[in-house]
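Participant: Provided below are the primary sequence and the corresponding predicted coordinates.
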Amino acid sequence: MSEIKRAVQSENSSALCLFSLIDLEEMLAKGNIWYVRHYEALFDRVYVCYLYSSRTRAITRGNTTLIAFGSGGPKFLNMLLAPIRLLRVASFLNLSTFLSADLLFSWWSFLLLRLLKKRRFVLMPVCMPHELFRNGGATLIGLPRCVERILVRTSFFASSGVATIRTAGAYVDWLTSYSASREKLRIFPVLPETLPSMGFLAKAWNLSRKDDDGSPAGTFRILYVGGLRKEKLVDHLVRMLKCLVEGSMGFISYRLRIVGDGPCREELETLALSLGVQHCVEFAGAVSNESLVEEYAAADVFVSPLTGTSLREAALCAMPLVAYGIDWVPGVFTDGEDILLAEGGDYEGLAKRVELLYDDAALRRKLSGNVRELAWRLFAMPMDARETIGKELERMCSLEIRVPGA
C-alpha cells in the first residue's frame, strides 16, 4: 500500500473509486482497460478496484491507479471479504465517490461502507440481464434466473443513484420503466464506459478508409472483436459464415476473423470444424486496444451479434456495420442509414445483410460515412460537459438511500 499512499494528494482533491468484481488480469488481457483514464477529465484522482488478481502491485498511469484486493485464492472467499477490503481502501485513500457496474453483488460489496461510513454508490448497468436471458439463454454468472433477478433488484435498491447515457438506446427505456431504478436514474450525455482508450481514439481519428468503388476483389473480410463467451452469441457468426459459403457456391471467398478470447474458444473451433468452414475462420486471440485500429482498417465489414465497446470502436473507424437489432443498438443506429440490422437470433438474416454489402459498393460507402459522423458526435467527451458530469456523480453519491416509489 505504500506506493498507493504516495499517490494520494490533497484531501480537497476529488477522488473516484470504480469497483469491479472482474479479475484484474482478465481486464488487462482484454486490452481496453485504460479507457478509465477518461475519468481524469472528471476527477483529480481515479482508483479502479478489482476483486482479485495474481498481481500484488498497483498499476498507475497518469492520475489513474488500478488496485486488486485479493491475490488469487477462491473467488468466493474474495467476494466474502470484499466489504472489508473496500472499506479499508476507501478509508485509506479518503474516497467519497463510488461507481460500480456490478448488478449482482454491489449491495454486498458496499455494505460496510454504507453502514459504517454512510457512503453511497452509483450503479452503472453495462448489460441488461433480461436481454441475456432472452437472447442467449444465459444468466450473468450461472445462478438460477429467479435468484439473479432478486440480486439485481437488491443492488438497485441499495444504490443512491443509477447512471446511464442518452445514447444507450434500450437501456434508457429499461431503466426508466424498471421500478427499482426509475426514481434514481440520471441520464448523462456521455460516460467513459462508452469510450475506447485515448490511444485508440487518437489512431482512429487519423484513420483513412480505403477507396471503395466496386465489388471487393479476392477475399471479403468479416471481423468480430469481443469476448468468446456464450452470452456474446459468437457461435451465430460461425453459423452465419456457413450460410455465406453455401450461398456463394465457392464464387466468393468469405473470411471471418475473430479477435478476442474466452472460455468458448475451443467450442467455437469445434463448431467451425463440424460445419466445414474451419478453413474460412481465423481465431486471432487477444489484441491490444491500440492495435485494434489496424484490425478494423483491414476488414470489409464488422458483424456484431451482441457487443458494446467494439461496435462503437468499429463505428469510429468508419466500418460498414451489420448487427442484431437488440440491446442498445436500435436506439442509437438507424437501419439502412448507418448500419444493417437483422432480427435477434436470425444468423441467416446476418448472412443476407453481409451479402447485400458485398454486392453494393454505394451502400458500403454510405454506411461508412454516416456511421463515422454519428460515432464521433456521440462517443466523445464534450469539454463543456466534463465538470457537470463529475459534480453530478459526486452529488448522486451523497444522496440518502430511498425506497423506489416512496
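Facilitator: Yep, that arrived.
Participant: What ranges does the protein have for its strands?
Facilitator: 15-20, 45-52, 59-61, 64-70, 97-100, 122-123, 161-165, 185-188, 219-225, 253-259, 281-285, 301-304, 321-324, 340-342 (DSSP state E).
Participant: Pull up the pairing partners for the fourth one, direction included.
Facilitator: Strand 64-70 has the following strand partners under DSSP bridges: strand 45-52 (parallel), strand 59-61 (antiparallel).
Participant: ok, now the last one?
Facilitator: The sheet places strand 340-342 alongside strand 321-324 (parallel), with pairing taken from DSSP bridges.
Participant: contacts for the partner strand?
Facilitator: Residues from elsewhere that reach strand 321-324 (Cβ atoms under 8 Å, 6 or more residues apart in numbering): 135, 233, 301-307, 311, 314-315, 329, 333, 338-346, 350, 353-354, 357, 367, 371. Bear in mind the C-beta positions are built from the backbone N, C-alpha and C, glycine included.
Participant: let's go with 7 Å and repeat that
Facilitator: 301-306, 311, 314-315, 329, 339-342, 344, 350, 353-354, 357, 367, 371 (Cβ atoms under 7 Å, 6 or more residues apart in numbering).
Participant: And that strand, what's buried?
Facilitator: 321-324 (16 or more other Cβ atoms under 10 Å).
Participant: Could you export the residues you listed as a markdown table, including pLDDT and distance to Leu292?
Facilitator: A markdown table is the format used below for the buried residues of strand 321-324 (pLDDT from 0 to 100; distance: Cβ to Cβ, whole Å):
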| residue | pLDDT | distance to Leu292 |
| --- | --- | --- |
| Leu321 | 97 | 15 |
| Val322 | 98 | 18 |
| Ala323 | 97 | 17 |
| Tyr324 | 95 | 21 |
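Participant: can you redo those residues as CSV with distance to Ser106?
Facilitator: What follows is these, written out as CSV (distance: Cβ to Cβ, whole Å):
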residue, distance to Ser106
Leu321, 32
Val322, 34
Ala323, 29
Tyr324, 28
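Participant: So which of the residues you listed is the closest to Leu151?
Facilitator: Tyr324 (26.6 Å; Cβ to Cβ).
Participant: mind listing what the closest residue to Leu123 other than its chain neighbours touches?
Facilitator: The shortest distance from Leu123 to any non-neighbouring residue, by Cβ to Cβ, 6 or more residues apart in numbering, is to Ser159 (4.1 Å). Listed by Cβ under 7 Å, 6+ apart, the contact set of Ser159 reads 106, 121-123, 184.
Participant: And for Val89?
Facilitator: 49, 67.
Participant: follow-up on the earlier one: can you lay out the strands of the chain as TSV showing distance to Met27?
Facilitator: Formatted as TSV, the strands of the chain follow (distance: least, Cβ to Cβ, whole Å):
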stretch	distance to Met27
strand 15-20	7
strand 45-52	7
strand 59-61	11
strand 64-70	8
strand 97-100	14
strand 122-123	19
strand 161-165	20
strand 185-188	23
strand 219-225	16
strand 253-259	17
strand 281-285	16
strand 301-304	21
strand 321-324	24
strand 340-342	30
